[in-house]
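Student: Can you look at this prediction? I've put the sequence above it.
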Amino acid sequence: DVHINNDDGTLCMKLEGLTLAPVTQVERTYIASEASQWLYDIAWEAKTLSRPAPDSPKETTGAYRIILADDNVYTKALVTAMPEAQFVVVQPGDKYCCDESGIYHVNPENPDDFTCLLNQIRETHGENCCGFLHAWGLSADLPKLSVDTLNQALQSSWAGLFHLVVAMAESPLAREIRLVVLTCGARCVRPYGEPGTTPLDGPRVNPTQASIAGVALSIAAEYPNLHCGCIDFDPAANVTEVATAIASELSTPMEDDIVAIRDGIRYASRLKPMCRNNTEHTFIEFDADATYLITGGFGGIGLVVANWMAEQGARNLVLTGRRGATEDAREALKSLEALGVTVLAGIADVTDATALRKVLDEAKETMPPLRGVMHAAGVLGEGLLSQQNLERCQETLAPKVSGTWNLHELTMDLYLDFFVLFSSSSAVLHTAGTGPYAGANSFLDAFAHYRRQLDLPATSIHWGAWHDLGMGTLRTGPDTKWGIGSIPSYH
């Protein structure tokens, strides 16, 4: 029997006769044989907040909240919506300081600033901090996207959240506390049960905001004492209504870690099996008179995809990679050519628009028209946030962010049948050690919606670990502990 008690010792749950047993290999094989059971989708369920809990003693004795807020209308409205709350405001700046009005300024890219910040706040305001709120980078206007604006937006907001969390982990202020990350337009919210399409007339999805939301999942897994959650709101919504909804979330214990506010309705994110009607197997045939691009094409996953496409009728493939084909990859390319496939092997870092354009120009001159893109390039960048630095984070973000944008721009005027982005389950599961990678893949998911809203094809797939292929061979994460196996390449 198992008894679960509250902190005060009160029994809240009792399980009688619970039996645990290991899953046998035979059972694992049976489970894996049902490929249709592998497919899940993100569902948004309308879910109202429970009745607000009475103010705790901590919140009634001069407690304060630390809010990272640049000069935007949302945070100003939030302060107005919570007149009883005391906020300590932190704004981005060139260097650490506290101005005459009591507002703190930190350089988002300087980790020492955040250590000084928390030490000074503790000394000035005491240890009665009841929460942190990250609200940098919020804007109702989707910026004119380019590689530069994408990297600039990600660098400022990503760096600030990253350095804040690392500093919090070492600060007495954050022994057991709540960290809320606010995003604006990071999610494409469809109420559960509606068709799985992106509404063309809905609010524009902001991919830069989505990356921050992805990082929040890893923070929750790595620092459970921070109780990290994410609240996303509609950029077209009334500012006062948004502030009121956020204030309600902050005034109650956290019930859901991923929340979206749309049209005054509170939605919670859930991972649900895809409807069986949407998962029926279909046989895909590629056009023998078309060309298809695979980035990361010389890696294990890229070569498996190339071989599968050849089996389904593709006869013209462009494979790219940063370092060119290895000896094993060259053997695989010979096997493709033996099947009658014309292969253009191009050395091009997907983050280098000039090199990528050169390969595509060569394909345009010597091969049939390009009709599809498989973007499988990526860098794992595994490691706890406390072990990361901005340079490593950028290396992980670049192929998914800059690379995706380059592919988007270079193919925007082409008639494509598909534009497939290889994302990861790290973007939807709480996985420690994958912060930058989770953020990069969350960007891909939002960018797929962004393209669909431009009436361009796009699909983002959250792949789990592939068996003995790609980054799955490098991972030592919790997937197998959770009962999540790897995907055989033959599927």
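Tutor: Yep, that arrived.

Student: so who does the closest residue to M82 other than its chain neighbours touch?
Tutor: Of all residues not flanking M82 in the chain, A247 sits nearest, at 4.9 Å (CB to CB, 6 or more residues apart in numbering). Bear in mind the C-beta positions are built from the backbone N, C-alpha and C, glycine included. Neighbour list for A247: L78, A81, M82 [criterion: CB atoms under 8 Å, 6 or more residues apart in numbering].

Student: A247 - that's part of a strand, no?
Tutor: No. A247: not assigned to a strand; according to DSSP: H, G, I helix; E, B strand; the rest coil it is helix.

Student: So which of the contacts of A247 are in helices?
Tutor: L78, A81 (DSSP state H).

Student: where exactly do the strands run in the stretch 201-350 of the chain?
Tutor: Taking DSSP state E, counting those that start in this stretch to define them, one finds strands in the stretch 201-350 of the chain at 228-233, 258-262, 265-273, 291-295, 316-321, 342-347.

Student: ok and the second one relative to strand 265-273, angle-wise?
Tutor: Between the axis of strand 258-262 and that of strand 265-273 there is an angle of 130 degrees, by axes from the mean of the first three to the mean of the last three CA atoms, to 10 degrees.

Student: contacts for strand 258-262?
Tutor: Strand 258-262 is contacted by residues 44, 187, 189, 213, 216-217, 229-234, 237, 242, 245-246, 249, 266-269 when judged by CB under 8 Å, 6+ apart.

Student: could you give the angle of it to strand 228-233?
Tutor: With the same axes, to 10 degrees defining the directions, strand 258-262 sits at 10 degrees from strand 228-233.

Student: How far does stretch 309-318 sit from its chain's centre?
Tutor: Relative to its parent chain, stretch 309-318 has a centroid offset of 31 Å by CA atoms, centre = their mean, to the nearest Å.

Student: Check the separation of the first and last residues in it.
Tutor: Taking CA to CA, to the nearest Å, the first and last residues of stretch 309-318 lie 12 Å apart.

Student: just the helices in the stretch 301-450 of the chain please.
Tutor: Listed in chain order, the helices of the stretch 301-450 of the chain (DSSP state H, counting those that start in this stretch) span 327-338, 353-366, 390-411, 435-453.

Student: I'd like to check the angle between the first one and strand 316-321, please.
Tutor: With the same axes, to 10 degrees as the basis, helix 327-338 and strand 316-321 are set at 170 degrees to each other.

Student: Mean pLDDT lowest where, among the strands of the stretch 201-350 of the chain?
Tutor: Sorting those by mean pLDDT places strand 265-273 lowest, at a mean of 87.

Student: For it, enumerate the helices and strands it packs against.
Tutor: Packing partners of strand 265-273 (3 or more CB pairs under 8 Å, 6 or more residues apart in numbering; DSSP states H and E): strand 40-46, strand 258-262.

Student: which one of the ones you listed is the most hemmed in?
Tutor: strand 258-262 (a mean of 22; mean count of other CB atoms under 10 Å).

Student: Any chance of JSON lines for the helices and strands packed on strand 265-273, columns distance to D287?
Tutor: What follows is the helices and strands packed on strand 265-273, written out as JSON lines (distance: least, CB to CB, whole Å):
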{"stretch": "strand 40-46", "distance to D287": "28"}
{"stretch": "strand 258-262", "distance to D287": "39"}
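
Student: Quick one, which of the ones you listed gets closest to G93.
Tutor: Taking CB to CB, strand 258-262 is the member of the helices and strands packed on strand 265-273 nearest to G93, at 29.6 Å.

Student: The closest one pairs with which strands?
Tutor: Strand 258-262 has the following strand partners under DSSP bridges: strand 228-233 (parallel), strand 265-273 (antiparallel).

Student: From L217, how far out is N206?
Tutor: 18 Å (CB to CB, to the nearest Å).

Student: Kindly report the same for D232.
Tutor: Counting by CB to CB, the gap between D232 and L217 amounts to 13 Å.

Student: same check, this time on G160
Tutor: G160 sits at a distance of 18 Å from L217 (criterion: CB to CB).

Student: In the stretch 1-150 of the chain, where is pLDDT below threshold?
Tutor: Along the stretch 1-150 of the chain, segments meeting pLDDT under 70 span 22-38, 50-62, 140-143.

Student: ok, which stretches of it are helices?
Tutor: Applying DSSP H, counting those that start in this stretch to the stretch 1-150 of the chain gives helices spanning 25-33, 73-81, 111-125, 147-169.

Student: Packing partners of the last one?
Tutor: The one in question is helix 147-169. Other helices and strands packing on helix 147-169, by 3+ CB pairs under 8 Å, 6+ apart, are helix 111-125, strand 129-135, strand 179-184, helix 207-222, helix 390-411, helix 435-453.

Student: and the second one, C-alpha only, in CSV?
Tutor: This points to strand 129-135. Coordinates of the C-alpha atoms in strand 129-135 are reproduced here as CSV (Å, rounded to 0.1, in the frame of the first residue of the first chain):
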residue,chain,number,x,y,z
CYS,A,129,10.2,37.1,-2.4
CYS,A,130,7.1,35.2,-3.6
GLY,A,131,7.8,34.9,-7.3
PHE,A,132,9.8,35.8,-10.4
LEU,A,133,8.1,36.9,-13.7
HIS,A,134,10.1,37.0,-17.0
ALA,A,135,8.4,39.4,-19.4
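
Student: correct me, but L49 touches E255?
Tutor: Yes. The pair L49 and E255 qualifies as a contact (CB atoms under 8 Å) at a distance of 6.5 Å.

Student: How far off centre is stretch 259-275?
Tutor: From the chain centre to the centre of stretch 259-275 is a distance of 16 Å (CA atoms, centre = their mean).

Student: Actually, stretch 394-414.
Tutor: A distance of 16 Å separates the centroid of the chain from that of stretch 394-414, by CA atoms, centre = their mean.

Student: Name the residues of that stretch that come out as buried.
Tutor: Going by neighbour count (16 or more other CB atoms under 10 Å), the buried part of stretch 394-414 is 394, 396-408, 410-411.

Student: Double-check R371 against D287; I have them as touching.
Tutor: Yes. Contact between R371 and D287 holds when scored by CB under 8 Å: they sit 6.2 Å apart.

Student: Look up the residues that both of the two are in contact with.
Tutor: Any residue near both R371 and D287 by CB under 8 Å, 6+ apart counts here, and that gives D417.

Student: When these two are compared, which one has more neighbours?
Tutor: Comparing R371 with D287 by other CB atoms under 10 Å, the one with more neighbours is R371, at 20 against 16.

Student: Quick one: residues contacting that one.
Tutor: Taking CB under 8 Å, 6+ apart, one finds D287, A290, T291, Y292, L414, Y415, L416, D417 in contact with R371.

Student: Let's have the residues you listed in TSV, adding distance to E365.
Tutor: Output for the contacts of R371, formatted as TSV (distance: CB to CB, whole Å):
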residue	distance to E365
D287	19
A290	16
T291	11
Y292	17
L414	15
Y415	18
L416	19
D417	21
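
Student: Name the member of those residues that has the highest neighbour count.
Tutor: Y292 (27 neighbours).

Student: Ignoring the adjacent residues along the chain, who's closest to that one?
Tutor: Using CB to CB, 6+ apart, the closest residue to Y292 is G372 (4.4 Å).

Student: In this model L414 seems to touch that neighbour, though I could be wrong.
Tutor: No. Look at G372 against L414 with CB under 8 Å: they stay out of range, at 9.7 Å.
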